[in-house]
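Novice: Turn this into a structure:
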Amino acid sequence: AGVVPFPPLAAEAPLSDGGFCWLPGGYPELHAGRLAAAENFRESLKRFAETKPVHGECGGYMVLGEVLEDADGATHAMTGLLSHRTSFAKRKMNLGYRQARLLGPCAIGRKGETVRGHEFHYARVFCPGTDPPLAMIADGIGNEIGPSGGWRGNVTGTFFHAIAGI
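Specialist: Predicted structure coming up:
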């Protein structure tokens, strides 16, 4: 397998012959207006997701949602591949090691598996949307935190950064 990067800020999308698309962490709240205007990226990613898996972590998860609210409170349309809405205007720090029990199949594991990783973000979900949660997460020592992320069809995402399976 090979990794083929593409720049969403340049309105580019994953190669149509790629196996799956991984949207890693980043700072979409700093570029929300440009991402909202990147119509080719958004539409191409939607076509890609019709037949192939797409997974977003942290900033990638924010991009997969319907709306991203920036630090100034302005809202920007994102891809809408998942139904949640995130905000950077009303910040809440989330930091720590996590254990995620997957509730659906995705790029980071099979349904029922537990994956270890971490969260570090200030953005928050202000509207969870209607998609089923991707995982139930706990802190590093096993204290339940609750549902995280979402999945719909071939698209999955969460603020959680996966590191390794258990």
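Novice: residues of stretch 158-166 that come out buried?
Specialist: 158-162 (16 or more other Cβ atoms under 10 Å). Backbone N, C-alpha and C define where each C-beta goes, glycine included.
Novice: so what's G96 up against?
Specialist: Contacts of G96 were listed using Cβ atoms under 8 Å, 6 or more residues apart in numbering, and they are 118-119, 139-140.
Novice: Over to T86?
Specialist: 61-62, 65, 67-69, 123-126.
Novice: May I see those organised as a markdown table, with secondary structure, neighbour count and distance to L95 added?
Specialist: Formatted as a markdown table, the contacts of T86 follow (DSSP: H, G, I helix; E, B strand; the rest coil; neighbours: other Cβ atoms under 10 Å; distance: Cβ to Cβ, whole Å):
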| residue | secondary structure | neighbour count | distance to L95 |
| --- | --- | --- | --- |
| Y61 | helix | 31 | 16 |
| M62 | helix | 33 | 17 |
| G65 | coil | 26 | 21 |
| V67 | strand | 20 | 24 |
| L68 | strand | 26 | 20 |
| E69 | strand | 21 | 21 |
| A123 | coil | 26 | 13 |
| R124 | strand | 17 | 13 |
| V125 | strand | 18 | 16 |
| F126 | strand | 14 | 19 |
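Novice: residues in contact with Q99?
Specialist: Contacts of Q99 (Cβ under 8 Å, 6+ apart): 114-116, 137-140, 142, 166.
Novice: all strands for the chain, in order.
Specialist: Assigned by DSSP state E, the chain shows strands spanning 21-23, 54-57, 67-69, 75-77, 85-87, 94-102, 114-121, 124-127, 135-139, 144-148, 150-152, 155-158, 161-165.
Novice: got these as a markdown table, with distance to A11 and mean pLDDT columns?
Specialist: Compiled in a markdown table, the strands of the chain are given as follows (distance: least, Cβ to Cβ, whole Å; pLDDT from 0 to 100):
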| stretch | distance to A11 | mean pLDDT |
| --- | --- | --- |
| strand 21-23 | 15 | 93 |
| strand 54-57 | 17 | 96 |
| strand 67-69 | 17 | 96 |
| strand 75-77 | 14 | 97 |
| strand 85-87 | 21 | 96 |
| strand 94-102 | 30 | 92 |
| strand 114-121 | 25 | 92 |
| strand 124-127 | 26 | 92 |
| strand 135-139 | 31 | 96 |
| strand 144-148 | 30 | 95 |
| strand 150-152 | 24 | 96 |
| strand 155-158 | 20 | 96 |
| strand 161-165 | 26 | 85 |
